[in-house]
Every structure is written in C-alpha cells, then in structure tokens.
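Participant: prediction below, plus the sequence it came from.
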Amino acid sequence: MKPRLHCARLALFLCGCAAFLNLYATQSILTTFAAQFHISAKAAGWSITVTTLAVAITAPFVGRLTGRFEQRTVIAVAALLLAVPALMTAYAGSFAQVLVWRFVEGMLIPVVFATSVAYIGDRWRGATVTEVTSLYVAGTVLGGFAGRFVTGVMTEYVGWREAFELLAVLSVMVGGFIQFLLPDNPPRVAPVKAASSGVFRKPLVAAYAVGFCVLFSQVAAFTYAGLYLGLPPFNLGPAALGTLYMVFLLALIVIPIAGRLSKARPHAELLAVAAALGISGSALTLAPSLWCIVVGLALSSTGVFLAQAAANAFISATAQGNKAGAVGVYLTCYYLGGSCGAIIPALMWERWGWAGCVALIIGFQLLTLLIALTGWKPLKPELIQAS
C-alpha cells in the first residue's frame, strides 16, 4: 500500500476520534453537574441530549457544505473548531451556558462525521470502503472512550472545568494531525446533487432506521447503567464510571478485524451479527454482578459499533452520487435516536429501574435484527482494491 494511503487511513481514524471526543464527554459526570448546578441527574442528562439534537438538526445541511469546499479543509477546520465550545464549557457560569456550548459542539460534529464518510466513498471503491469505514468507526470508539474517561477521571481528581480544558487541548492536537496527514481527494467532476436527491430510496431508509435504533440502544444503555451503578450496592464514583467506558476498547480491536473479514460478505450479515451481540450483552447486564454487567456492556457496545460500521459502509456503497446527503439524513436519524435514548428510558427507569431500561433496549436491538434480515438487500461488494 502506498504511504499516502497509509496516511489517509490514519487520518480517518483520527477523524473518528475528533467526532466523538466531545460528544458524550458529560456522560460520566452527570451527578457532578447535578450537584454543581443544583439540578436533578435527569436534568443533567440534557447536557447529552442538546448535543445529539444539534447534530440531528445540522446533519442534513452538511452535504451542501462538503460540495462547495474541499473535503480535507472542511474536516480539518471543523475538527479544530471543536476545541472552542469545549473550552467555553469549562468557563460556563450556569447550566444554561453549558447547554448552549454543548449545542454549538453538536452543530460542528456532523461536519466532521458526514464529510469523513463522504471522503471515504469518494476515495475508495468496493470492498475497501467497508474496511476503511471500519477503521474510521474504530476511531469513533477511541474518541468516545477518551472523552468519557478524561472527564470522569479529571473530574474526580482535579475538577470538571479542568477536564473540559484538557478536551479542548486534545481537540486542537487531533485537528492538527488531521490537517497534516489527510491527503486531498481528487477533484470531483460530477455536479453536486440536491440534498434530497436519491437519499430516500428504500434500502437507504432501512439504514436510517438502523441508525436510530443503534444510538438509542447505546445512549440508553450507558446513561442509565451509569445511574444504576452509582446506586447501592455498586456506588461507583465519577472516576470508576469513566473507567467503565474502557469496555469500548474491545470494539477498537474487533471492528477493524470484522471489517477485513466481511469485505466479501453482504453488509446485512455484519449487521445481524452486531444485533445478536447487542441482545446478548444487554441481557447479561441483568445479572446482579458488576463483572457480568461490565462484560454485558462490552458485548453490547461492540455490537453497536459493528452495526454503525455496517450502516456507514452500506450507505457509502448504496448512495451513489449523493453520499454526503445520505450520510446527513443518516446522522439525523442516528442522533435523534440518541436523543430519544437519553429521554424515553427515564419513564422505564422511574417505574421499573434498570430491568425496565434493558427490556426497552432489547426491543430496539430486536428491531435492528429484523431490519438486517428483511430490510437490507444483500449487496455483494465488488472486490476492487485501492490503487
């Protein structure tokens, strides 16, 4: 493989890190926000919800931006700008200010996400798209873990404001590496299509539904597992909850391997495996043992990231000329699912506790499995390798 393509793959891994570093950074410190701003833990959850809502609102319009500017520039600038709302959050004087800057953060994230997936679809073809997309998703795994871990540990031993200052520094570093490593894509000669052109064809709609179910399950599982494990008999603090997200690192190993193994297989098969992992892991968290819960969350999160890799690769292979537009719609559905996953399970939590949340999560994972079996036509990727 040419060194230039090695750099491109490493840069796309970092793009995934940049997109998810700040997104769920508050998930391990909801109780700290509740104490700091004299609000309930449920209200503190809005620090996640407003960010995912901002992503959902902004994502459909990203395609127009990527069509007018060079993709490498768009990705690098957006990744660097993510440091600004992170830094401003550190100096917020009220929870309302936290929500404002978290919303701004969410407006920038889909620029990195959608443009990166469109970049992959424009640079590579056939089975290589699945492999490179899996590498990108592995980056989102590391970024998601790092954001939660940094805020959890820093909050317990230093302070939550210092945690966000460090996130801002990390955002600048990652953005700088992306600017240095990511090569330009060849100029696109095809005219930019309208944002809605071809993005609502039946196979793509099924992918959007998968996105909704996937992030609903992920956010619901880790938001309410954090609340559950903070109660007796577990009584985990912010640092321990931040460390809990190390279960994401299993996906960091599994996803690139799965991407290579599934190059010649239909995307629906990878999605079915992901759904089965998610269902098994969620069921395991019902056991009254911390280790069983941790293993269950590891399996569940790995299933989520595998499903995300399958959906992104499916869209890149199916959307044809309007990849950025299709990714934008996918992101809207994906993060609407995440927003609902932070709010709707609260009804189950208040009445039935963690068991009620798990039942709801498994229901959405079963829906993902149903889509894998019926909604996706088994596309057989062409075995075209990148030159």
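Facilitator: Nice, thanks for sending it over.
Participant: now residue 30. Nearest residue, chain neighbours left out?
Facilitator: residue 44 (4.2 Å; CB to CB, 6 or more residues apart in numbering). Where C-beta positions appear, they are placed from N, C-alpha and C, glycine not excepted.
Participant: how near is that neighbour to residue 362?
Facilitator: In this structure, residue 44 and residue 362 are 26 Å apart, going by CB to CB, to the nearest Å.
Participant: let me see the contact set for residue 17.
Facilitator: By CB atoms under 8 Å, 6 or more residues apart in numbering, residue 17 lies in contact with 139, 140, 142, 143, 146, 174.
Participant: in contact with the fourth one, which residues are there?
Facilitator: Contact analysis of residue 143 by CB under 8 Å, 6+ apart lists 16, 17, 18, 19, 20, 21, 23.
Participant: any chance of JSON lines for the residues you listed, columns secondary structure?
Facilitator: As requested, these are exported to JSON lines (DSSP: H, G, I helix; E, B strand; the rest coil):
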{"residue": "16", "secondary structure": "helix"}
{"residue": "17", "secondary structure": "helix"}
{"residue": "18", "secondary structure": "helix"}
{"residue": "19", "secondary structure": "helix"}
{"residue": "20", "secondary structure": "helix"}
{"residue": "21", "secondary structure": "helix"}
{"residue": "23", "secondary structure": "coil"}
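Participant: check those residues for the minimum pLDDT and say which it is.
Facilitator: Sorting those by confidence puts residue 19 at the bottom, with a pLDDT of 87.
Participant: quick one on the thing from earlier: any chance of the contacts of residue 143 in CSV, with distance to residue 293 too?
Facilitator: Shown next, in CSV, are these (distance: CB to CB, whole Å):
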residue, distance to residue 293
16, 26
17, 26
18, 30
19, 27
20, 23
21, 25
23, 23
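Participant: and stretch 265-280, what's buried?
Facilitator: Of the residues in stretch 265-280, those with enough neighbours to count as buried (16 or more other CB atoms under 10 Å) are 265-268, 270-279.
Participant: now, among those residues, which is nearest to residue 40?
Facilitator: The shortest gap between residue 40 and any of the buried residues of stretch 265-280 belongs to residue 278, at 28.9 Å (CB to CB).
Participant: which non-adjacent residue is nearest that closest one?
Facilitator: Nearest non-adjacent residue to residue 278 (CB to CB, 6+ apart): residue 303, at 3.3 Å.
Participant: the one you found sits in which helix or strand?
Facilitator: Residue 303 is located in helix 290-318, with elements delineated by DSSP states H and E.
Participant: between the contacts of residue 17, which is closest to residue 83?
Facilitator: Sorting these by how near they are to residue 83, with CB to CB, puts residue 174 at the top with 9.2 Å.
Participant: so who does the closest one touch?
Facilitator: Contact analysis of residue 174 by CB under 8 Å, 6+ apart lists 14, 17, 18, 21, 79.
Participant: can I get the helix or strand hosting it as PDB, trimmed to CA atoms?
Facilitator: Here residue 174 is covered by helix 160-181, with elements defined by DSSP H and E. Listed in PDB are the C-alpha atoms of helix 160-181, where the atom choice follows Å, rounded to 0.1, in the frame of the first residue of the first chain:
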ATOM      1  CA  TRP A 160     -14.800  19.100  35.700                       C
ATOM      2  CA  ARG A 161     -13.700  22.500  34.400                       C
ATOM      3  CA  GLU A 162     -10.100  21.300  34.000                       C
ATOM      4  CA  ALA A 163     -11.500  18.200  32.300                       C
ATOM      5  CA  PHE A 164     -13.000  20.300  29.600                       C
ATOM      6  CA  GLU A 165      -9.900  22.400  29.200                       C
ATOM      7  CA  LEU A 166      -8.000  19.200  28.500                       C
ATOM      8  CA  LEU A 167     -10.600  18.100  26.000                       C
ATOM      9  CA  ALA A 168     -10.100  21.400  24.200                       C
ATOM     10  CA  VAL A 169      -6.300  20.800  24.000                       C
ATOM     11  CA  LEU A 170      -6.900  17.300  22.700                       C
ATOM     12  CA  SER A 171      -9.300  18.600  20.100                       C
ATOM     13  CA  VAL A 172      -6.600  21.000  18.800                       C
ATOM     14  CA  MET A 173      -4.000  18.300  18.700                       C
ATOM     15  CA  VAL A 174      -6.200  15.800  16.800                       C
ATOM     16  CA  GLY A 175      -7.300  18.500  14.400                       C
ATOM     17  CA  GLY A 176      -3.700  19.500  13.700                       C
ATOM     18  CA  PHE A 177      -2.800  15.800  12.900                       C
ATOM     19  CA  ILE A 178      -5.700  15.500  10.600                       C
ATOM     20  CA  GLN A 179      -4.600  18.600   8.700                       C
ATOM     21  CA  PHE A 180      -1.100  17.200   8.400                       C
ATOM     22  CA  LEU A 181      -2.000  13.600   7.500                       C
END
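Participant: for it, give the mean pLDDT please.
Facilitator: Average pLDDT, helix 160-181: 95.
Participant: quick one: low-confidence parts of the stretch 251-387 of the chain?
Facilitator: Low-confidence regions of the stretch 251-387 of the chain, defined by pLDDT under 70, span residues 259, 261-264, 320-322, 324, 377-387.
Participant: now stretch 229-243, how far from the centre of its chain.
Facilitator: Per CA atoms, centre = their mean, to the nearest Å, the displacement of stretch 229-243 from the mean C-alpha position of its chain is 23 Å.
Participant: buried residues in that stretch, which are they?
Facilitator: With burial defined by 16+ other CB under 10 Å, the residues of stretch 229-243 counted as buried are 229, 230, 236, 237, 238, 239, 240, 241, 242, 243.
Participant: my guess is the first one contacts residue 297, does it?
Facilitator: Okay, so that is residue 229. No: applying CB atoms under 8 Å, one finds residue 229 not in contact with residue 297, separated by 9.6 Å.
Participant: what do those two both touch?
Facilitator: Here residue 229 and residue 297 share the contacting residues residue 244, scored by CB under 8 Å, 6+ apart.
Participant: enumerate every residue touching residue 71.
Facilitator: Taking CB under 8 Å, 6+ apart as the criterion, residue 71 is in contact with 115, 118, 119, 122, 184, 185.
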